[in-house]
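> Sequence and predicted model, in that order:
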Amino acid sequence: MIRWARRNPGIAAGGLLLVLIVLIAILAPLMFTVDPTALAPARRTRPPSAQHWFGTDMLGRDVYSRVIYGSRVSLIVGFAVALLSSVFGLAIGVLAGFVRWLDEVVMRAMDGLMSIPPILLAIALMALTRGSVQNVIIAITIAEVPRVGRLVRGVVLSLRELPYVEAAIAAGTRTPRLVWRHILPNTLAPLIVQASYICASAMITEAILSFIGAGTPPIVPSWGNIMAEGRALWQVKPFIVFFPAAALSITVLAVNLLGDGLRDALDPRLAKRL
């Protein structure tokens, strides 16, 4: 394990950093935090101090506690979107790659969704529903599924032309068994790498949606709405925006490092070169 980690420093660094962030989110009540929604107007916009490590916002809420609890929203959205988009994209890609008459219909629908920028599509979907973490996950997932579907479809189309797959078809192997035994295992490597990038992208999209008021409601602390609430005081109280922005950047960096390491480890050509 140690030797494998040395050969893949991206996985080691990104994985350790991401595990640390996840532990902080899980153990938020034990991280010397207070109620992130507690109002204290008499202590508003105080700078970082021993009592308030990250200062307080314009309503007197502890920024440190809000940043720690806000990590839960970003991690839940990132992991949930990565999982859901991978599952639905895998199913769509396999069907499009194996069923000829579905290929054109499904891919044209995916092309239509991909022609809309993910942020605009998510904003349009959020405008039709009320702001909540669940609706943010659904909106971002719908925007990410077409990309996973096209990736899996391309992998399936290339796998169908390989000799061992053609031999299995010639031997009379049924399609469900063929997909389960020969196709799905070979789609996992690119799918895992793509899921890591989707996770990072979903965190950024959630922060953008919350920043413009189309994501999680203000009562739920998230890095996006913390930055949105502090932008009016950026020039005089920059710490209100700096700390959630730094937390988001570090988390996305950890996920991207993990994704790069997985790409290097799971791509046979890159692994051989390294």
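Thanks, I have the structure now. On a predicted model such as this, the values are computed, not experimentally measured, just so you know.
> so which helix or strand takes in the residue nearest the centre of the chain?
Among the residues of the chain, Cys199 comes closest to the average C-alpha position under C-alpha atoms, centre = their mean, at 1.7 Å. The secondary structure element spanning Cys199 is helix 184-211 (assigned by DSSP states H and E).
> Provide a list of residues in contact with the residue nearest to the centre of the chain.
For Cys199, the set of contacting residues under the criterion of C-beta atoms under 8 Å, 6 or more residues apart in numbering consists of 78-79, 81-82, 255. (Each C-beta comes from the backbone N, C-alpha and C, glycine too.)
> Can I get these in a markdown table including neighbour count, distance to Thr37 and pLDDT?
A markdown table is the format used below for the contacts of Cys199 (neighbours: other C-beta atoms under 10 Å; distance: C-beta to C-beta, whole Å; pLDDT from 0 to 100):
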| residue | neighbour count | distance to Thr37 | pLDDT |
| --- | --- | --- | --- |
| Gly78 | 26 | 23 | 93 |
| Phe79 | 17 | 24 | 95 |
| Val81 | 28 | 25 | 94 |
| Ala82 | 26 | 28 | 94 |
| Val255 | 26 | 27 | 91 |
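> Filter those down to just the ones in helices.
Restricting those to those inside helices, with DSSP state H as the criterion, leaves 78-79, 81-82, 255.
> Between those residues, which sits nearest Arg181?
Minimum separation from Arg181 among the ones in helices among the contacts of Cys199 (C-beta to C-beta) is found for Ala82, which lies at 25.4 Å.
> List the residues that contact Leu113.
Neighbours of Leu113 in contact, by C-beta under 8 Å, 6+ apart: 121, 142-143, 145-146.
> did I read that right, it in a helix?
Yes. Under DSSP: H, G, I helix; E, B strand; the rest coil, Leu113 sits within a helix.
> Return the per-residue confidence for it.
As summarised for this prediction, Leu113 has a pLDDT of 83.
> which regions of the stretch 101-250 of the chain lie under the pLDDT threshold?
With pLDDT under 70 as the threshold, the stretch 101-250 of the chain has low-confidence stretches at 169, 172-173, 175.
> where along it do the helices fall?
118-127, 133-160, 163-170, 175-178, 184-211, 223-230, 239-266 (DSSP state H, counting those that start in this stretch).
> Backbone dihedrals for Trp234, please?
When quoted as degrees, to the nearest 10, the phi and psi of Trp234 stand at phi -60, psi -40.
> residues in contact with the closest residue to Val106 other than its chain neighbours?
If you skip the residues right next to it in sequence, Val106 has Ala96 as its closest partner in space, 4.5 Å away by C-beta to C-beta, 6 or more residues apart in numbering. For Ala96, the contact set (C-beta under 8 Å, 6+ apart) comprises 102-103, 106-107, 149, 153, 156.
> Quick one: buried ones out of the residues you listed?
106-107, 149, 153, 156 (16 or more other C-beta atoms under 10 Å).
> For those, give me a markdown table that also has distance to Met114.
Written out in a markdown table, the entries for the buried ones among the contacts of Ala96 read as follows (distance: C-beta to C-beta, whole Å):
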| residue | distance to Met114 |
| --- | --- |
| Val106 | 12 |
| Met107 | 10 |
| Gly149 | 9 |
| Arg153 | 13 |
| Val156 | 18 |
